[in-house]
Each structure stands twice: as structure tokens, then as C-alpha cells.
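Visitor: Starting from these lines, generate the structure:
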Amino acid sequence: MKYSCSYYREEDDAAIEQMVLASYQWENPIWGVSRHEFCKGLHPSHTGFRHAWEHTVGVFREDGRIAACVINEGNYDGEAFFLFESQERGQDVELLREMIRFAKTHGAGIRENRRTRFVNIPIARWNTVLADLLLEAGFRQEVETDAQLILPFGKAPFQVSLPEGYTFSDGNATPSFYLSNVHRHAFAYGRESHACDHGADAFRELRTMRHYREELELCVLDPRKLPVAMAIIWHDKAMPYCELEPLAVVWWERRKGIGRAILHELANRVMGKFSDCTGMLGGDQDFYTRIGYEKKSETIRYHWELDVVISWEKESFDKDYAKEVVSPE
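Guide: Numbers count the residues shown, from 1 in each chain. The predicted structure is shown next:
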């Protein structure tokens, strides 16, 4: 076998990060810097799954060199993202078959019924080789797609308009629990969620990521100097654009233009700091298109699932599950 496979280890971080950065040369990546560092930095404390990557991420090597990786967001949800050392690796049939096999086994999610295994794999449209192999392996293409929306930067700064009495505060002055409080109120999780009590720890750990910059993390404070919105921008010189992750506005302050204002302020800060940066990646929601974001690329999603019966049940006696995870030659 040409490629060896192992679980993720911390010493793999540098090589995996280089794969993430390399992908900007041939695509608007699905798994970019913001997603990588947000998941690595925030999710362990936010979800409580501190060892998810060590248990579910597959690293593939050729002659000791990392060539590819099947990574996820660190929450055992069956989502699998494929990273490659080069675009050529992303079309290596032998490698892709091994990665698909890993995703269907060690990387699969399990539904609440404890029977159904499932995997969701988003891929870029250029990778037709991977698309064909996924179909051969029993995946089906989803109808819905995910758009990559980018706010283009011009020469002039954006107009920034906050409601009267509201102010910005950046990561040099804002405690981490301000971020988690805004996030909690914006996305409606309470005491049943691990993140309710550990969110401040999660954002404190997020601030230790390599591409984090205090001046590109902003909170909006209301006239009482309490936090009501937050956003963080991520950028590297290898990226043609910067990336937003996350943006949150508390529910009682919506529809006041605060989200637009915080993004425009961050865009102006990025343009002042990185003259070669061409825009800002946002989310795939109507809000972004309404404020000037444009669709630049599209992600196709593939889904696979399989019911696996407990081994001692009679229903399982004639099942050959091994054939379900092997792609046809």
C-alpha cells in the first residue's frame, strides 16, 4: 500500500496547517484558516470533546511525509473534510479511496438510534475525481449546496455607523466571557449545553491560536458598556481574502445595523493592515448578500449512511459490513 494512515497527533499540526494554506492556491477552500483555528481553539471547551481529533481525524503519509488528512470540526458529527498537500494529491485515486474508507469507518457519526452510521463530505466543484469515487462508494449528492460569499474590498473605506451611545472594544480590552455571553444569547443555548458554563474558557483558548489578532476581534458595547455583538477576523499572507468566524448579535439588539457596522469596521482595519487582501469571507445567509457579499464559489455535499445492527442480534448474522466500506476498484 502506497499510503500509511494514523490518527491525528499534535505534532501533525504544522503540516496540516500548511495543507490548509496551500489550498488557497487552487480554490476558495471549504476548510480554511478560520474554520481550522476556530474548531481547534474553541470546540474542545465549547463542546467538552477534548480528544475528538485524536480519535477521529485520519492523517495519510507517503514515505513519512503527510500527504492528506480527513479532518472534522471536533464534535463527532460525521462531517468529514478532505485536505491535500497538493491539488494533484486530491486526484490520486488510491489515496482518495483510503480517505473515503476512513471517513466511513473511524470518522462516521452515529445517530441517536445507535444503529445508523453516517458521513457528510463537502467538496469543491473542481474535484470531479473525488465526486465520482464518492458516488461509486455509495454516497449520494445532496440537492442543497453551500455558497462561499465574499465582501469585495475597494479603495475607499466602508462607512461605519453604530447606534448612538454604542462603541467598539477589541481583544486588548475585552474579557473572554464577553464573547461567550454574546454568543450564548445570540445562538440560544442554556444550561443543558456544556458551552453555557465553559464558553469563556473556549474563547480564551481561541485567543491562543496562531492567526488570532487582538485588534481584529471586536465587541460592540451598548450605552451601559455591556457587550451586545462580537466578531473575529482571521488572515494569513497566503490567503487572498480574510475570513469571518464567528459573528454574533444578541437577540434583543437585532435589526439595528450593528452586524453590518462591526463587519465594516473590521474590513477597514484589515484593509489598513493588509493592502493585498481583496475581501472578507462571510456566511451563507441572506444577511451577507444584503450587505454586499458576492457568491464566489460553491460547495457540493455528499451523504452516506448505513444501519448497523448490534452483533448479537439475529438480524446481523448474515451481514457483511466490510464490503460496505470498501470502494469498488
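Visitor: helix, strand or coil for the residue nearest to Trp251 when sequence neighbours are not counted?
Guide: Closest residue to Trp251 apart from its sequence neighbours, by CB to CB, 6 or more residues apart in numbering: His185 at 6.1 Å. The C-beta positions use only the backbone N, C-alpha and C, and glycine is treated the same way. Under DSSP: H, G, I helix; E, B strand; the rest coil, His185 falls in the helix class.
Visitor: Check the contact between His185 and Arg254; I expect there is one.
Guide: No. Using CB atoms under 8 Å as the test, His185 is too far from Arg254 to be in contact (10.8 Å).
Visitor: quick one, which of these two is more surrounded?
Guide: Each of His185 and Arg254 has its neighbours counted (other CB atoms under 10 Å); His185 has more, 17 against 13.
Visitor: how about the nearest residue to Val249 once chain neighbours are set aside, what does it touch?
Guide: Excluding the flanking residues, the one nearest Val249 by CB to CB, 6+ apart is Ala229, at 4.4 Å. With contact set as CB atoms under 8 Å, 6 or more residues apart in numbering, Ala229 has these partners: Val182, Cys219, Val220, Leu247, Ala248, Val249, Val250, Glu253, Ile258, Gly259, Ile262.
Visitor: Can you tell me how far Ala229 is from Ser311?
Guide: Separation of Ala229 from Ser311 (CB to CB, to the nearest Å) stands at 51 Å.
Visitor: all helices of the stretch 1-150 of the chain, in order?
Guide: 13-22, 33-47, 52-56, 93-104, 128-136 (DSSP state H, counting those that start in this stretch).
Visitor: on that earlier part again, tilt between the helix or strand encompassing the residue nearest to Val249 and helix 33-47?
Guide: Ala229 is located in strand 227-234, with elements delineated by DSSP states H and E. Per axes from the mean of the first three to the mean of the last three CA atoms, to 10 degrees, the angle that strand 227-234 makes with helix 33-47 is 130 degrees.
Visitor: Mind exporting the C-alpha coordinates of strand 227-234 to CSV?
Guide: Provided in CSV are the C-alpha atoms of strand 227-234 (Å, rounded to 0.1, in the frame of the first residue of the first chain):
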residue,chain,number,x,y,z
PRO,A,227,-21.5,43.5,25.2
VAL,A,228,-24.2,43.0,22.6
ALA,A,229,-22.2,41.9,19.5
MET,A,230,-18.9,40.3,18.6
ALA,A,231,-16.9,39.2,15.6
ILE,A,232,-13.4,37.8,14.8
ILE,A,233,-11.4,38.1,11.6
TRP,A,234,-8.6,35.6,10.5
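Visitor: strand partners of it, parallel vs antiparallel please.
Guide: Applying DSSP bridges to the sheet, strand 227-234 is found paired with strand 217-221 (antiparallel), strand 242-249 (antiparallel).
Visitor: by contact count, what packs against the helix or strand just after the longest one?
Guide: Going back to what we said before, that points to strand 242-249. Next helix or strand after strand 242-249 toward the C-terminus (DSSP H and E): helix 258-273. Applying 3 or more CB pairs under 8 Å, 6 or more residues apart in numbering; DSSP states H and E, we find helix 258-273 packed against strand 217-221, strand 227-234, strand 242-249, strand 279-281.
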